[in-house]
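Q: How does the following fold in three dimensions:
(one chain, ligands or ions: 1)
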Amino acid sequence: MLESMWVWTLATGLISLILYLLGTWTQDHFSKKNVPHLKPVPFFGNVGPLALRMVSFPEFVLDLYNRFKGHKYGGVYEFFNPVFVLRDPELIKMVTVKDFEHFLDRRSPLSEEAEPLFGKGLFNLKGQRWKDMRSTLSPAFTSSKMKSMFVLITECGKQLTDFLEKCINDKNMTIEGCKIEREGNILAVEMKDLFTRYTNDVIATSAFGISCDSLNNPRNEFYETGRYVTNFSGIRAIIFLGYFFSPKLMKLLNMKLMSKTLANFFRSLVHNTISTREEKGIVRPDMIHLLMQAKKGTLQGEDNGTTNGKITKPKWEDDDITAQVVQFLLAGFDTAATLLYFASHLLAMHPDIQSRLQDEIDQTLKEDRGKLTYEAVHGMKYLDMVVSETLRLYPPAVLVDRRCVKQYTLPAEPQCTLNPGDCVYIPIYALHHDPDYFPDPEKFDPERFSDENKGNIKTCTYLPFGSGPRNCIGSRFALMEAKIALVQLLSRFNLKVVPKTPIPIKITKKGLNMTVDGGFWLGLEQRVKNSTTYQTG
Ligand code: HEM
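A: Numbering: from 1, shown residues only. Modelled structure (predicted):
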């Protein structure tokens, strides 16, 4: 009896020791290098609270950042992986801009072979393949190309506001499929549902070359597919994490984020569009057209028809165009909708700011006789201030990362050399909420971005679109689509708080998206029509 107790005790002790060693085997990375770091927990490292859904993603990032106050950078363990958290804006500038060649890649685990439609997309490409693709695609995002897509996007905004107006005025109209409820003369609308339909339609028309009208056709195939593909929760979250930890195992198990059916849906959509256009000589001002030009080597940049003096013809395979447009869907569907629903919420909560913005919109439309133009949207200063401040308070990308590709010694105390494969975090949300850079950081104050004040914002403390050559290629596009929607919405409606409006905002702990549980409900009240009533421009 005594003997078996000894055996049990010994076995339990041995198993605990093995588990402990397994769970901590890489967790001496920072102590060996003398880098300030947080004490890790076996297996979880420092991400336990996030993995166990005890905190939201922004709270988690803010906590890491605050715990390194007084240091320029620090070390944390993402389970077993050591990651450097960069805190100092100068250091962030060195890594993302000046010494960018050492940090060319991000940690995208999806390879071109395992998941071609993800892996071949710009976001996931690495090294020279990324450089080539970025320089090929950049001319598609210049101001002149944005201007040519303006009409397509205003059409989506008009569909959105016409639909809402009809919901208010036509009491016999049944509203199915969308999250909209009538409350007297006010429409209670779940803004996330509304705006993902808008951003979906914008990407569908401007990237894929198809028209969806997802409010009048709430269950259209493109919207349902887009929603599925951009949703990384449940089993898809597990597969995604699996690729982070063991891409080889995931490949061996043939685990896919993009099923064959889904991939073929996008492939045939793009293929059919291209063939029809080639056969019939159709030219439409959208990204498919620009990508077709890029493939032929005829896509012209801003500078007199060339990009840096030369146009190169890329060696693209069949999937390359499809992967880019799928990438635009992934990158633009949720992010731009997030910006829009937070902006609407903040405006409903701050009627004084909403009414000043409406004055600017009314005045601009009046000057242009109700016609919305590219120049008018870009000339609205207060609109830009409101959008910028929304992106500061609620950046859709809370954190970005970089992977070291060439040995690099951090120019900060304590000096530490990073080797290829080492990773860094750039804690966007935390920088935006640091009172040293943005006094009274929780206050919604568009004045921070006025002409007088914006020059005081320190470099690399405001990074909603990331930093350096690997920043967001779609930022101009995203700002344009968000501003168009806000102008069209606010010229026709007032945004109001309703009983279901989430106050205060509590960011979800259930996933990594910047959203709330239960939805972003707001009231829409039709404005009294006046001479500036908007027309399509
Ligand atoms: C408000 C909306 C958006 C926000 C806040 C946003 C933010 C970001 C951020 C933070 C990054 C990473 C930058 C870095 O690592 O430094 C990124 C990358 C990227 N974004 Fe956006 N984005 C938005 C909309 C869009 C849209 C509409 C598109 C496409 C039409 C797009 C396409 C991309 C692509 C392709 C990349 C990867 C760039 C590269 O690796 O070269 N984004 N975005």
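Q: Going along the chain, name the strands of the stretch 1-150 of the chain.
A: Here the stretch 1-150 of the chain has its strands, by DSSP state E, counting those that start in this stretch, at 73-78, 81-86.
Q: what helices or strands is the first one leaning on?
A: Okay, so that is strand 73-78. On a contact count with 3 or more C-beta pairs under 8 Å, 6 or more residues apart in numbering; DSSP states H and E, strand 73-78 meets helix 29-33, helix 57-67, strand 81-86. (Glycine included, C-beta is placed from N, CA and C.)
Q: switch the cut-off to 6 Å
A: With contacts defined as 3 or more C-beta pairs under 6 Å, 6 or more residues apart in numbering; DSSP states H and E, the packing partners of strand 73-78 are strand 81-86.
Q: picking that back up, any chance of the strands of the stretch 1-150 of the chain in TSV, plus mean neighbour count?
A: Shown next, in TSV, are the strands of the stretch 1-150 of the chain (neighbours: other C-beta atoms under 10 Å):
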stretch	mean neighbour count
strand 73-78	21
strand 81-86	23
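Q: Please, which helix or strand holds whichever residue of the stretch 251-400 of the chain sits closest to the ligand?
A: In the stretch 251-400 of the chain, the residue found nearest to the ligand is residue 332; the distance is 2.8 Å by C-beta to the nearest ligand atom. Assigned by DSSP states H and E, residue 332 belongs to helix 318-349.
Q: What are the buried residues along that helix?
A: 319-349 (16 or more other C-beta atoms under 10 Å).
Q: Return the residues of the stretch 201-350 of the chain in contact with the ligand.
A: Residues of the stretch 201-350 of the chain lying near the ligand by C-beta under 6 Å from any ligand atom: 327, 328, 331, 332, 335, 336, 339.
Q: Where does the prediction get shaky in this protein?
A: Scanning the chain for pLDDT under 70 picks out 1-2, 14-26, 245, 301-312, 529-537.
Q: any idea where the helices of the stretch 51-200 of the chain begin and end?
A: 57-67, 89-93, 116-119, 127-137, 143-169, 191-203 (DSSP state H, counting those that start in this stretch).
Q: May I see those helices organised as a markdown table, with mean neighbour count added?
A: Converted to a markdown table, the helices of the stretch 51-200 of the chain look like this (neighbours: other C-beta under 10 Å):
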| stretch | mean neighbour count |
| --- | --- |
| helix 57-67 | 19 |
| helix 89-93 | 19 |
| helix 116-119 | 22 |
| helix 127-137 | 16 |
| helix 143-169 | 19 |
| helix 191-203 | 26 |
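Q: Let's have the ones you listed in JSON lines, adding distance to residue 395.
A: Converted to JSON lines, the helices of the stretch 51-200 of the chain look like this (distance: least, C-beta to C-beta, whole Å):
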{"stretch": "helix 57-67", "distance to residue 395": "9"}
{"stretch": "helix 89-93", "distance to residue 395": "14"}
{"stretch": "helix 116-119", "distance to residue 395": "23"}
{"stretch": "helix 127-137", "distance to residue 395": "22"}
{"stretch": "helix 143-169", "distance to residue 395": "22"}
{"stretch": "helix 191-203", "distance to residue 395": "16"}
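Q: Checking residue 213 next. Helix, strand or coil?
A: coil (DSSP: H, G, I helix; E, B strand; the rest coil).
Q: distance of it from residue 158?
A: Distance, residue 213 to residue 158, using C-beta to C-beta, to the nearest Å: 11 Å.
Q: can you check residue 274 too?
A: With C-beta to C-beta as the criterion, residue 274 and residue 158 are 28 Å apart.
Q: you'd agree residue 226 is up against residue 200?
A: Yes - with contacts counted by C-beta atoms under 6 Å, residue 226 reaches residue 200, the gap being 5.1 Å.
Q: just checking, residue 524 is part of a helix?
A: No - according to three-state DSSP, residue 524 belongs to no helix; its state is strand.
Q: Now for it: which residues touch it?
A: Counting by C-beta atoms under 6 Å, 6 or more residues apart in numbering, residue 524 touches 187, 189, 493.
Q: Pull the number of nearby residues for the first one.
A: The criterion is other C-beta atoms under 10 Å. On that basis, residue 187 has 23 neighbouring residues.
Q: In contact with it, which residues?
A: Remark: with contacts taken as C-beta under 6 Å, 6+ apart, residue 187 is in contact with 167, 168, 180, 524.
Q: Not counting sequence-adjacent ones, nearest residue to the second one?
A: Residue nearest to residue 168 in three dimensions, not counting chain neighbours: residue 526, with 5.3 Å by C-beta to C-beta, 6 or more residues apart in numbering.
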